[in-house]
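> structure for this input, please:
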Amino acid sequence: MKAHFRSLDSDNKIDFVSDARYEDNKYIFKDKSLENTNLSIEIIENTKLRLKRFGQTNMEITFILGQKTKGTYNNDMGLFFDFEVFSHNLTIKEKNIYFKYDYYMDDIIQSTHKIWIIIK
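Numbers count the residues shown, from 1 in each chain. Okay, here's the model as predicted:
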């Protein structure tokens with residue numbers, strides 16, 4: 001199966017297709033936007049989405065519609081920080097996922113992101 005990943009924000013557009021597998025209730029695939037990093041997408045009761053990056057870059061965010069949630073980021077160069085996201089939209093229809101969120105650092109909106117993931 002393939003994961004089609006697209007992300008848009010005011011500064012970047014990321015678009016790639018990667019081989020995917022389903023394991024332990026998660027879709028796992030290579031994150032082609034970063035070196036030696038994978039993505040894990042876990043759908044929790046069709047109301048929450050947990051996104052994890054792991055490898056050279058590690059990040060974890062749980063998206064819940066209409067709520068601000070905490071996330072963490074760290075990489076192999078020692079950069080580490082916490083952040084928050086506010087989920088404006090979270091649509092999960094079978095293997096089609098769309099979410100829109102604001103990214104906050106120190107309670108200040110840094111950017112707005114839209115992400116589409118289609119598993120085929």
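
> going forward, measure contacts between C-alpha atoms and count neighbours the same way
OK.

> which non-adjacent residue is nearest the residue positioned nearest the centre of the chain?
Closest to where the C-alpha atoms of the chain average out (CA atoms, centre = their mean) is Leu51, at 4.3 Å. Of all residues not flanking Leu51 in the chain, Ile41 sits nearest, at 4.9 Å (CA to CA, 6 or more residues apart in numbering).

> neighbouring strands - and their directions - for the helix or strand hosting the one you found?
Assigned by DSSP states H and E, Ile41 belongs to strand 37-44. Take DSSP bridges as the rule and strand 37-44 pairs in its sheet with strand 26-30 (antiparallel), strand 48-55 (antiparallel).

> hey, C-alpha coordinates of the first one in CSV?
Extracted C-alpha coordinates of strand 26-30, given in CSV (Å, rounded to 0.1, in the frame of the first residue of the first chain):
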residue,chain,number,x,y,z
LYS,A,26,-0.9,2.6,12.9
TYR,A,27,0.1,3.4,9.3
ILE,A,28,3.8,3.7,9.1
PHE,A,29,5.8,5.1,6.2
LYS,A,30,9.0,6.9,5.3
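
> can you list contacts of that strand?
Outside strand 26-30, the residues that touch it by CA atoms under 8 Å, 6 or more residues apart in numbering are 3, 18-22, 36-43.

> buried subset of the residues you listed as a PyMOL selection?
A single PyMOL command selects the buried members of the contacts of strand 26-30 (16 or more other CA atoms under 10 Å):
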select buried, resi 3+18+20+37+38+39+40+41+42+43
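
> make CSV out of the contacts of strand 26-30 and add distance to Glu60 and pLDDT.
Shown next, in CSV, are these (distance: CA to CA, whole Å; pLDDT from 0 to 100):
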residue, distance to Glu60, pLDDT
Ala3, 19, 98
Ser18, 20, 98
Asp19, 21, 98
Ala20, 19, 98
Arg21, 19, 97
Tyr22, 18, 96
Asn36, 16, 96
Thr37, 13, 97
Asn38, 12, 98
Leu39, 10, 97
Ser40, 9, 97
Ile41, 10, 96
Glu42, 11, 96
Ile43, 14, 93
